[in-house]
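>>> got a sequence here, can you build the structure:
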Amino acid sequence: MTDKTMTADEAVARLRSGMTLGIGGWGSRRKPMSLVRAVLRSGVDDLTLVSCGGPDVGMLVAAGRVRRLVAPFVTLDSVPLEPHYRAARERGALELTEVDEGMFMWGLRAAANRLPFLPVRAGLGSDVMRVNPGLRTVTSPYDDGETFVAMPALRLDAALVHVNRADPLGNGQYLGPDPYFDDLFCEAADAAYVSCERIVDTAELTKAGPAQSLLIKRLHVTGVVEAPAGAHFTSCAPDHGRDEEFQRLYATTPWAEFAERFLSGDERAYQAAVGNWREERG
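Predicted coordinates:
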């Protein structure tokens, strides 16, 4: 048994430019934002991002760190289209592979099982095939002879996810209403870094929720980062909801201005800047 605890900066120090990086969560829900902010503090760039995108994608794209994005959507939930991502797309700042959510899930499952692809019905008869001419179909070898999309594996060099609780060994627990695809991100990656609201003893995990809430298994985890409010400004139910007021600020502020005010220091400086902003708001 190995203690895998580390800081966000120590985790990100293991990343390299040009990697394929998966980021868990969903839209503006339970995103590993403290880890994303650590990536922004680093020199890592030329990334291929794989994400059910939210502000993680918006920030990294706005900062010029992303070469290619694989995603079914990029949204802030209460703001339908992530504005910094939209601006980057409009100026042609990145390549985009946009797939159906079902295809995205099966791409992660294929990678998690170390398969080159998995067959899926999602995408057939849609423009997904037209805008992704590299996608192939496969015919069932059985009597049905059905045609499927051969969704290629979404293999990841590294994954970043955020959960409610984790132990020092790497077991991760979600306590909210939805697991999203966080376990698949970890299983599809060569290295996975899990941030959490609180690190607890292993025995505490089973007291907080049922066994099925232990979403992430230690054998798939490389590092664990304790990050209270580490998902801010996205939600991390039941620990905290989405900071809608701050999200509106993010969505309506020019990127350079937002980054200068809130992202020019470390995580402690970020939390202090957010606190100062709240005081100004009264």
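>>> helices of this structure, residue ranges please.
8-12, 33-41, 55-62, 83-90, 101-112, 128-131, 182-188, 202-208, 244-252, 255-262, 267-281 (DSSP state H).
>>> who's in contact with the residue nearest to residue 96 when sequence neighbours are not counted?
Nearest non-adjacent residue to residue 96, counting by C-beta to C-beta, 6 or more residues apart in numbering: residue 69, 5.3 Å away. For glycine as for every other residue, the C-beta is placed from the backbone atoms N, C-alpha and C. By C-beta atoms under 8 Å, 6 or more residues apart in numbering, the residues touching residue 69 are 48-49, 51, 53, 57, 61, 94-97.
>>> any chance of the helices of the chain in CSV, plus mean pLDDT?
Shown next, in CSV, are those (pLDDT from 0 to 100):
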stretch, mean pLDDT
helix 8-12, 98
helix 33-41, 98
helix 55-62, 98
helix 83-90, 96
helix 101-112, 97
helix 128-131, 94
helix 182-188, 98
helix 202-208, 90
helix 244-252, 97
helix 255-262, 98
helix 267-281, 95
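>>> quick one: closest of those to residue 160.
helix 33-41 (4.5 Å; C-beta to C-beta).
>>> hey, C-alpha coordinates of the closest one in CSV?
Output of helix 33-41 as CSV, limited to C-alpha atoms (Å, rounded to 0.1, in the frame of the first residue of the first chain):
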residue,chain,number,x,y,z
MET,A,33,-10.4,23.1,-11.5
SER,A,34,-7.5,23.3,-9.0
LEU,A,35,-5.6,20.9,-11.2
VAL,A,36,-6.6,22.9,-14.3
ARG,A,37,-5.3,26.1,-12.7
ALA,A,38,-2.1,24.3,-11.9
VAL,A,39,-1.8,23.3,-15.6
LEU,A,40,-2.3,27.0,-16.4
ARG,A,41,0.6,27.9,-14.1
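>>> between it and helix 55-62, how many degrees?
10 degrees (axes from the mean of the first three to the mean of the last three C-alpha atoms, to 10 degrees).
>>> so what sits opposite the residue nearest to residue 96 in the bridge?
Residue 69 has these beta-bridge partners by DSSP bridges: residue 49, residue 96.
>>> then residue 151?
residue 118.
>>> picking that back up, can you give me the pLDDT of the residue nearest to residue 96?
What the model reports as pLDDT for residue 69 is 98.
>>> that older thread, the helices of the chain: which one's closest to residue 156?
With C-beta to C-beta as the criterion, residue 156 lies closest to helix 182-188 of those, at 5.0 Å.
>>> mind checking how far the residue nearest to residue 273 when sequence neighbours are not counted is from residue 64?
Among residues not flanking residue 273 along the chain, residue 262 sits closest, at 4.9 Å (C-beta to C-beta, 6+ apart). Residue 262 is 17 Å from residue 64, where distance means C-beta to C-beta, to the nearest Å.
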